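Novice: need coordinates for the following:
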Amino acid sequence: MNSLQALARAVARLAAIVTFALLSACSAPKSPYVFTAVTTEVAMTGEAVVDVRLVHEATGKPVENAVIFETRFDMAPDSMASMTAPVEAQGSPAPGVYRFKVGPTMKGRWALTLSAKVHGVAETITGTVVVAAH
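Specialist: Now for the predicted structure:
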């Protein structure tokens, strides 16, 4: 092994270490809150409704009175994130459950992405659930 090869290997190792350190420092801590789909399938006919549950993962308790302030409904699970459809919040039919009226425009898998604020929690809670339209 010549000195040029040794230098190249040392640079590659250093680059890997720096990349790992940067990714570790930049990754956000995992939120203790999680959105889960109550409704996993919707029909293409009529009004489609998706219910989503927000729970505190460690305790399993539903999170009531969260303020959902951002929604997006798209076909990202089928590699078509630019294909979006309307989504409208419909309130909370049960503790910790949030209802949304959606309008899928074609059959396939749709992602409902939500951002919420929970009383007493500084960070924004963001999550995505996947539903199938048929």
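
Novice: so, low pLDDT: which residues of the chain?
Specialist: Residues of the chain meeting the criterion pLDDT under 70: 1, 6-8, 10-29, 46.

Novice: that one: strands as residue ranges?
Specialist: Ranges of strands in the chain, per DSSP state E, are 33-37, 41-42, 48-56, 61-62, 67-75, 80-84, 87-89, 97-102, 108-117, 125-133.

Novice: and those strands: which comes nearest R9?
Specialist: strand 80-84 (39.0 Å; C-beta to C-beta). In short, each C-beta sits where N, CA and C put it, glycine included.

Novice: domains for the chain, by residue range?
Specialist: Domain ranges of the chain: 1-29, 33-133, per automatic domain parsing.

Novice: those into TSV, with extra columns for mean neighbour count?
Specialist: Shown next, in TSV, are the domains of the chain (neighbours: other C-beta atoms under 10 Å):
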stretch	mean neighbour count
domain 1-29	9
domain 33-133	15
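
Novice: if we can go back for a sec, out of the strands of the chain, which is closest to L4?
Specialist: Taking those one by one with C-beta to C-beta, strand 80-84 is closest: 44.0 Å.

Novice: tell me which strands the closest one pairs with, and in which orientation.
Specialist: Its sheet considered, strand 80-84 pairs with strand 67-75 (antiparallel) by DSSP bridges.

Novice: what does the strand it pairs with contact?
Specialist: 80-87, 89, 98, 100, 102-104, 106, 108-117 (C-beta atoms under 8 Å, 6 or more residues apart in numbering).

Novice: 7 Å instead, please
Specialist: Contacts with strand 67-75, where a contact means C-beta atoms under 7 Å, 6 or more residues apart in numbering, come from 81, 83-85, 87, 89, 98, 100, 102, 108-117.
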